[in-house]
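Engineer: need a 3D model of the following:
(one chain, ligands or ions: 1)
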Amino acid sequence: MKLHILRCGYIRVARDVPYGSRSGVSAAARQMLAADRDRVILPVCAYLVEHPKGLLLVDTGWCRDLSPAGVYDAKAVSRLLPPHLAAFYRPWLPEGMAVHEQLERRGIRPADLEAVLLTHLDPDHVAGLRHVAGAKHIILPEDEYFWSCRTVYKTRQPVSLWQDQPIERRFYRGSPLGPNRWAIDLFGDETVQMVNVPGHTDGQAAILLRSGSGKFILLAADAAFSPRNWRELVPPGFGFGREWQRKSLQWIAGLAEDPTCAAVLCSHDPGFEPQTMEF
Ligand SMILES: [Zn+2]
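Structural biologist: Numbering: from 1, shown residues only. Got it, this is the predicted structure:
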């Protein structure tokens, strides 16, 4: 299997978001108001998987509308995100980095994608969905959809970014995998599994890719922002369930130790450059 790590934009968030953040409304308010000098720049990743059964895209990054000239554009961002999310993310998408622009350079049309897998519905993961809506399948765990239509998730996952897309909702089923023992086995052969890693959101999935070589790669989504989170069991910020975040990190820490683990990758790890991995 081949995995291409794509960078689909950036966020400029409060320094403590990736590590050491407190949870709760007051921490979130402080993070939204943080000055530039108290912020860090993090990448937003998506992944292209060359699987024997077809091309898979995991997450979609930001969309071109938010950054028409390829630079931070507060007005364009405000047309896409409500003020509190615009202030939290301060996002931009350099020219050529939108997911469809990167696929096009590789000669891939959205219709060539067997499936787009969405790890969760936060805007930095689904805004680019509009660019690949022609994919054969767009798949999201039902649990993520369920909670996003309700309660506090409504305030951080604007439905306008995804509600008009032809998303197929799949149920997690009992599995030996994950802190919650819940997974979706995409092809029924354990080569691609969406494993529930709750905490950041209730329904969030990490993607476990297992190749014929016996090696695996875990795409941890936002369960961790960098290896430091699972090595020290300190969850990243912007989660809604600290205890579940820790359980998810414990599970990831165990996998990272496995001798057949080729890599654990996080969606916002500045320490990991775009590259292609074969495993
Ligand atoms: Zn994210």
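
Engineer: just the helices in the stretch 1-150 of the chain please.
Structural biologist: 25-33, 74-80, 83-89, 99-105, 123-126, 142-148 (DSSP state H, counting those that start in this stretch).

Engineer: how about the stretch 151-279 of the chain?
Structural biologist: Under DSSP H, counting those that start in this stretch, the stretch 151-279 of the chain gives helices at 227-231, 242-257.

Engineer: mind showing which ranges of the stretch 51-200 of the chain have poor pLDDT?
Structural biologist: For the stretch 51-200 of the chain, no stretch is flagged by pLDDT under 70.

Engineer: for the ion, give me its nearest residue in it.
Structural biologist: Closest residue of the stretch 51-200 of the chain to the ion, C-beta to the ion: D124 (4.4 Å). Quick note: C-beta positions are derived from backbone N, CA and C, even for glycine.

Engineer: ok, that residue - contacts?
Structural biologist: With contacts taken as C-beta atoms under 8 Å, 6 or more residues apart in numbering, D124 has the following neighbours: G9, I11, V44, G61, W62, Y89, P91, S267.

Engineer: which of the residues you listed fall in strands?
Structural biologist: Among the contacts of D124, the residues falling in strands (DSSP state E) are G9, I11, V44.

Engineer: get me the contact residues on the stretch 51-200 of the chain for the ion.
Structural biologist: Residues of the stretch 51-200 of the chain lying close to the ion (C-beta under 5 Å from the ion) are D124.

Engineer: do that again at 8 Å, thanks
Structural biologist: H120, D122, D124, H125, H200 (C-beta under 8 Å from the ion).

Engineer: the last one contacts A224, correct?
Structural biologist: Read that as H200. No - if you go by C-beta atoms under 8 Å, H200 and A224 don't touch, sitting 9.1 Å apart.

Engineer: tell me which of these two has more neighbours.
Structural biologist: Set H200 next to A224 and count neighbours by other C-beta atoms under 10 Å: A224 wins out with 32 against 26.

Engineer: so that one makes contact with E232?
Structural biologist: No - at 10.5 Å, A224 does not count as touching E232 under the criterion of C-beta under 8 Å.

Engineer: what touches both of H200 and A224?
Structural biologist: P236.

Engineer: quick check, central residue of this structure?
Structural biologist: A221 (4.2 Å; C-alpha atoms, centre = their mean).

Engineer: quick check: the closest residue to that residue other than its chain neighbours vs H268, distance?
Structural biologist: Spatially, and ignoring its direct neighbours in sequence, A221 is nearest to T119 (3.7 Å; C-beta to C-beta, 6 or more residues apart in numbering). T119 sits 12 Å away from H268, going by C-beta to C-beta, to the nearest Å.

Engineer: repeat for F146
Structural biologist: 25 Å.

Engineer: so for these two, which residue has more residues nearby?
Structural biologist: H268 (22 against 13).

Engineer: right, and the more buried one touches I11 too?
Structural biologist: Yes - assessed by C-beta under 8 Å, H268 is found in contact with I11 at 7.2 Å.

Engineer: now E142, nearest residue through space, not along the chain?
Structural biologist: Residue nearest to E142 in three dimensions, not counting chain neighbours: R169, with 4.2 Å by C-beta to C-beta, 6+ apart.

Engineer: ok, the one you found - how many residues close by?
Structural biologist: By the measure other C-beta under 10 Å, the count of residues near R169 is 14.
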